[in-house]
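J.: any chance you can model this:
(chains A, B and C)
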Amino acid sequence: MDITDILNLSLLASMVRLSTPLVLAALGGMYSERGGVINIALEGIMLAGAFTAAAVTARTANPWIGLVSAAIAGLLVAAIHAVATIQFKADQVVVGTAINILFLGVPALASGAMFGSTGSTPQLPREQTLPDWNIPGIDSIPILSQLFSGHKPIVYLAILMVPASWYVLYRTRFGLRLRAVGENPEAADTAGVSVARMRYAGVLMSGVLAGIGGAYLSIGQNSLFTRNMTAGRGFIALAALIFGKWHPVGASLACLLFGLAEAISIRMQGVVSIPVQFIQLIPYVLTMVVLAGFIGRATPPKAIGVPYVKEK
Amino acid sequence: MAEDLKYAVEMRGVTKRFGDVLANDSISLAVESGSIHAIIGENGAGKSTAMNILYGFYAADSGEILIDGQARSIQNPGDAIRLGLGMVHQHFMLVEPLTVTENIILGSEPGSSFAIDFKQARARVRELSEQYGLRIDADARIEDLSVGQQQRVEILKTLYRGAQILILDEPTAVLTPQEVVEMFAILRSLRDRGKTIIIITHKLAEVLALSDRITVMRDGRVVGNISTREATAEGLARLMVGREVLLRVEKTDAHPKDAILVVNNLSLESSTVHGSLNDVSLEVRAGEILGIAGVEGNGQTELIEIIAGLRPQTRGEILLEGKSIDRLDPRRRKNLGIAHIPEDRHRRGLLLDFDLAANSILGVHRNSPLSGAVLLNEQIIAERANRLVREYDVRPPNIALPARALSGGNQQKLIVAREFDINPKLILVSQPTRGVDIGAIEFIHKKLIELRDAGAAILLVSAELDEILSLSDRVLVMYEGRVVGEVDPRSVSEEEIGLMMTGGKR
Amino acid sequence: MKKLLRELTFPLLAVVAAFLVGGVIVWIVGDSPLLVYNLFFTSAFGSVDGIGYTLFYATPLIFTGLAVAVAFKCGLFNIGAEGQLVAAAFATAWVGLVAPEGWPAILVALLAMLAAVVVGGVWAGIPGVLKARFGAHEVITTIMMNFIAAGIVSYLTQYHYRKQGDPILETLPIAEMKDGVLTGPHIPRMHDLLAPLGINFPERLPLNLAFLFALAACALVYVFLWKTKWGYELRAVGLNPSAAEYGGISIARNTVMAMALSGMLAGMVGINDVLGYRYRYYDGFSAGYGFTGIAVALLGRNHPVGVLLAALLFGALARSQLFIDIFTNKVSKDWVVILQAIIILFVACEAVFRMKSKRSG
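T.: Prediction:
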């Protein structure tokens, strides 16, 4: 096996699949952060989504119910974040950290109580995971079929969410108001826009999307939940968001890049002598470089991290 | 005629308290429809608070607001907008990375929830801009516009929302004279088209030139309500200040000696006119107070901060007793004998959560005997702090209290004590009496004169012209980052210096 | 004294509230909260072994709690203690592995400690420099540095310092038992330290000299922050950078210094684990100490005494984990992790409770 066996079409297809949870979480993070709320809880929310999807599917034998439950679970976890940071004006980073720790514990405890296991859910039979969808028309075109057909529905959702998020952010009322709130909440407030409501919406959106991203891991890509199965993907999504300068297209391209890195590192395991650890480090190193301003500067929304308090 | 007199806005008995401060004490005022109504008063008189209540930004503790004769409850800016109110804040409420159109439509976007009708929005912005002569590019980004243009965007914003009543908070504070003239023309044209305009200011000349009626506020109360035709500058000033005598400080003539501070061709480049310095040269001698007069934001802050070492200049040099200090950090400059009373004591001057003792050493904390090689010398610090608190009458005299617990006047006295105690050769003083009670003002002024007579060189910046004229031995006037002239504070007339400050005479 | 009590009130309330919520969770899962509470107290405090283990588990948390607290005092959020301690622990073992054969063990142990502190400091110092120089947000950069540390260390362990065929990702040992004597660089266990004083501390307990280092670190951090001119400057920058700048205090220098100090403290975890307990670098040795350190610092109000108390609480929880896991039907050791998160959430929302109580009072 040599390098050409690694760089082929199935690698790109694998990139598309591996990027999917990242894209969803990164877009989720974008809604939250564009509204001015740092969301380092993406990891915890993804874990919540992944566990809920697998657990509910295991009980109901229906992955669709599992998927919806994951979205709801993400929403609820994000609601904790939102209430604490927006209502109670708690520090966004502290709350995000707490949520990440919380969902290291909750799935493990719940899996023990529900399934008598130590942190994982029962293996789902193949027919109980999300189905592969072939896209009529595309599935007969040679190269495109391999790239864009035969994926899980969540993959298509992620692909659709990219232009949709662009549209929402730049063409709708909600998007304009969200961006305004993240840059200058006082200005938005004086224009009659409710800062709290926009921020709630942004954070809750991040919960739904990251929750679905998590579900992809447990009932799409795999067929069970295992302890800490996100393995830092929430943080990679955060890195992609920054690397993509908080722009839906930029962030998604960054996710593709990071997904490609992951795809290569999986294929290289035991094949080529470059240690996989170095490929896995790419997202983190790139993010540091961008934050330091070595390759184009990443400027976050101006009001990010600051609870909105009216003066006096 | 009498029944034609309609009030666009009436406030009756509006009261607002912030903690222990009574910001508005039963305010009542009435604004005629289709007029320009000025609300004047000194800093902290409660003007902005009253207007922020009217605009729904703060909730009043009690009182009543009537719009077009009907009692209304205004809970938030959204309510105010629906009632036809629009406000242009002193600090612009604009989202910088967004375009003019996006800013203007924010909060009341045309089109459906799912699609903003940008075409319609842009057309409407253009139309309004032309109708009122505002000349604004609908697609420009706010961050690329000048201050004057941004202010016009703010006005457009209110008009776009169908405002019939415009509130402007200190609209001319940030404008160049040409922009002021344009702004007045715009405001008049708005009034002539039936809009009601409320303008908050403390500049008498502008009030007399522009308004139809004037409400004067002092210490949170309305103290006068007069037609502009019957008003005189002197009468208004008396009402505003509330005492006949302008501030007079007892002092003898200065006996200046050698130059302590020499500033040569100091320049600071900045993206805006406000915040730049252009070729400033000056000299302060031992035993004199040099005052810098000027409207705020014309480079005074930058000048003082550059001399103090808090920001670097683009060009030019600063000499202390003939030696360049350009490369020294603020601590080294302080050790050479430069004291600095900063303009914003909360932002710069104090660590509000530190106790008085810890605040009393800020900037000299590395000096012997206050600290040794490693440790702070707590006992000596406490003794010194107690002495300063006693000598400068800081109340309450408890050095274990956090600075936050002190009133503005006592906080300022603590800073003054700390800075004056180093036996300064040069004292940089910025807005020394802002937000400070009368007693503390007199105390601080007396101390400044004492230090001058003891041979210190003092560079004084203040927005209060009275303060500049009564304390200074010489006065330079700054405008748009330049020194536009020097006047003798004993003989200069208000008109003359006023013209210089506003760029009317060079 | 009164001040101390006032300071303690809220953290205590937060802990009690978290235990109550935790009890409800136990009840939902289907066990008896009282049983769990009982297990917690008896296992953590009910015997010499219990106390010994509690102190042992508290040791790394004292270091990380102090680390987070020092950064907080300068207005910085060090989420990267985890990466710093991983890098430092590896460096500790690395010194032991590469030190020439003939060097005295004590010298190598000292060098290894130095390596722990220096590597921890550098690993945190990098985000400090990026913040001071480029304004890069330390929260994000320290998170990234966590992953980078984990990756590099796991690579080095896997490819260069592992025993051939060892299924566990760990380095070769740096000290081993030879004829009943631990030979190689290490620090003494509490048993050996207390024996000369005539106290018979059980030999089986892993509590070691690092615990005394941790206590010393508490005292030193206190002196540093509140008694030295550098601590004064660091706190000034944390409270109000503009005022600090006005007072001639360099924001950039203090940012880097606070982060480096923070990392040095976090790095000392490596001393406890590598030189005092395992005598090798074991990948995955940290049970999230860096993150628990955030909870410890918050609960301890960023004060060394508070950090010590909070670390003891979390140490006790860590000690009781295993017992709760075994002696209940359904509750697993993860209950403790959840409790941690709830405590952080309560402490984070403290401002609200304060405001409420002020309003009603």
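
J.: count the residues that sit near residue 8.
T.: Here I'm looking at chain A. Residues contacting A:Asn8 under the criterion other C-beta atoms under 10 Å in any protein chain shown number 12. C-beta coordinates here come from the backbone N, C-alpha and C atoms, glycine included.

J.: chain C was what I was after
T.: C:Leu8 sits with 14 neighbouring residues when counted by other C-beta under 10 Å.

J.: so how far does stretch C:297-306 reach from one end to the other?
T.: Stretch C:297-306 has its terminal residues 8 Å apart, counting by C-alpha to C-alpha, to the nearest Å.

J.: buried set for the helix ranked longest in chain A?
T.: In chain A, ranked by residue count with DSSP state H as the criterion, the top helix is helix A:9-34. For helix A:9-34, a neighbour-count test (16 or more other C-beta atoms under 10 Å in any protein chain shown) marks A:12-34 as buried.

J.: for it, the distance to its chain's centre please.
T.: In terms of C-alpha atoms, centre = their mean, to the nearest Å, the centre of helix A:9-34 is found 7 Å from the chain centre.

J.: which elements pack onto it?
T.: helix A:42-60, helix A:142-148, helix A:153-171, helix A:173-183, helix A:195-215, helix A:233-243, helix A:248-268 (3 or more C-beta pairs under 8 Å, 6 or more residues apart in numbering or on different chains; DSSP states H and E).

J.: which of those helices sits closest to chain B?
T.: Proximity to chain B (C-beta to the nearest C-beta) singles out helix A:173-183 among the helices and strands packed on helix A:9-34, at 4.7 Å.

J.: adding mean neighbour count, mean pLDDT and distance to chain B, write the helices and strands packed on helix A:9-34 out as JSON lines.
T.: Listed next are the helices and strands packed on helix A:9-34 as JSON lines, based on neighbours: other C-beta atoms under 10 Å in any protein chain shown; pLDDT from 0 to 100; distance: least, C-beta to the nearest C-beta, whole Å:
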{"stretch": "helix A:42-60", "mean neighbour count": "30", "mean pLDDT": "96", "distance to chain B": "24"}
{"stretch": "helix A:142-148", "mean neighbour count": "14", "mean pLDDT": "78", "distance to chain B": "27"}
{"stretch": "helix A:153-171", "mean neighbour count": "18", "mean pLDDT": "96", "distance to chain B": "6"}
{"stretch": "helix A:173-183", "mean neighbour count": "24", "mean pLDDT": "96", "distance to chain B": "5"}
{"stretch": "helix A:195-215", "mean neighbour count": "27", "mean pLDDT": "97", "distance to chain B": "11"}
{"stretch": "helix A:233-243", "mean neighbour count": "30", "mean pLDDT": "92", "distance to chain B": "17"}
{"stretch": "helix A:248-268", "mean neighbour count": "22", "mean pLDDT": "89", "distance to chain B": "15"}
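
J.: right, so of those, which gets closest to chain C?
T.: Each of the helices and strands packed on helix A:9-34 was scored for nearness to chain C using C-beta to the nearest C-beta, and the closest is helix A:233-243 (5.6 Å).

J.: and the closest residue to chain C within the stretch 1-150 of chain B, what does it touch?
T.: Chain C sits closest to B:Gly19 of the stretch 1-150 of chain B, with a gap of 11.6 Å, by C-beta to the nearest C-beta. B:Gly19 makes contact with no residue under the criterion C-beta atoms under 8 Å, 6 or more residues apart in numbering or on different chains.

J.: equivalent analysis for A:Gly250, please.
T.: With C-beta under 8 Å, 6+ apart, A:Gly250 has these contacts: A:Phe243, A:Gly244.

J.: next one: it from A:Leu27, what distance?
T.: Distance, A:Gly250 to A:Leu27, by C-beta to C-beta, to the nearest Å: 11 Å.

J.: same question for A:Ala61.
T.: As judged by C-beta to C-beta, A:Ala61 and A:Leu27 stand 30 Å apart.

J.: before we move on, what about B:Leu187?
T.: From B:Leu187 to A:Leu27 the distance is 46 Å (C-beta to C-beta).

J.: walk me through the domains of chain B.
T.: Listed domain ranges for chain B are B:2-241, B:248-337+B:424-506, B:346-422 (source: automatic domain parsing).

J.: for those, could you give me CSV that also reports mean pLDDT?
T.: Output for the domains of chain B, formatted as CSV (pLDDT from 0 to 100):
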stretch, mean pLDDT
domain B:2-241, 88
domain B:248-337+B:424-506, 88
domain B:346-422, 92
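
J.: which one of the ones you listed lies closest to C:Arg235?
T.: C:Arg235 sits nearest to domain B:346-422 of all these, at 7.7 Å, using C-beta to C-beta.

J.: what residues does the stretch 201-350 of chain C put near chain A?
T.: C:288, C:291-292, C:294-295, C:298, C:330-332, C:334-338, C:340-342, C:344-345, C:347-349 (C-beta under 8 Å from any C-beta of the partner chain).

J.: over to chain B?
T.: Within chain B, the residues that sit near chain A (C-beta under 8 Å from any C-beta) are B:18, B:55, B:57-58, B:76-78, B:81, B:87, B:89, B:92-98, B:102-103, B:105-109, B:111, B:113-116, B:118, B:157.

J.: show me which of those are buried.
T.: B:55, B:57-58, B:77-78, B:81, B:87, B:89, B:92-98, B:102-103, B:105-109, B:111, B:116, B:118, B:157.

J.: and chain B, which residues reach chain C?
T.: B:308-310, B:329-334, B:340, B:342, B:347-354, B:358, B:361-363, B:365-366, B:371, B:374-376, B:378.

J.: I figured A:Ala113 hits C:Trp27, correct?
T.: No - here A:Ala113 does not reach C:Trp27: they are 11.2 Å apart, not a contact under C-beta atoms under 8 Å.

J.: ok so, going back, distance to B:Leu277 added to the helices and strands packed on helix A:9-34, as TSV?
T.: Shown next, in TSV, are the helices and strands packed on helix A:9-34 (distance: least, C-beta to C-beta, whole Å):
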stretch	distance to B:Leu277
helix A:42-60	46
helix A:142-148	59
helix A:153-171	40
helix A:173-183	29
helix A:195-215	37
helix A:233-243	36
helix A:248-268	39
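
J.: those: which one's closest to C:Ala58?
T.: The nearest among these, by C-beta to C-beta, is helix A:42-60 at 25.5 Å.

J.: for the residue in chain C positioned nearest to chain B, what are its contacts?
T.: Going by C-beta to the nearest C-beta, chain B is nearest to C:Gly248 of chain C, at 2.6 Å. C:Gly248 sits next to B:Gly309, B:Asp329, B:Pro330, B:Arg331, B:Arg332, B:Arg333, B:Lys334, B:Gly363, B:Arg366 when contact means C-beta under 8 Å, 6+ apart.

J.: apart from its chain neighbours, what residue comes closest to it?
T.: Spatial nearest neighbour of C:Gly248, chain neighbours left out: B:Arg331 (2.6 Å); criterion: C-beta to C-beta, 6 or more residues apart in numbering or on different chains.

J.: what of B:Leu145?
T.: That would be B:Val153: by C-beta to C-beta, 6+ apart, it lies 6.9 Å from B:Leu145.
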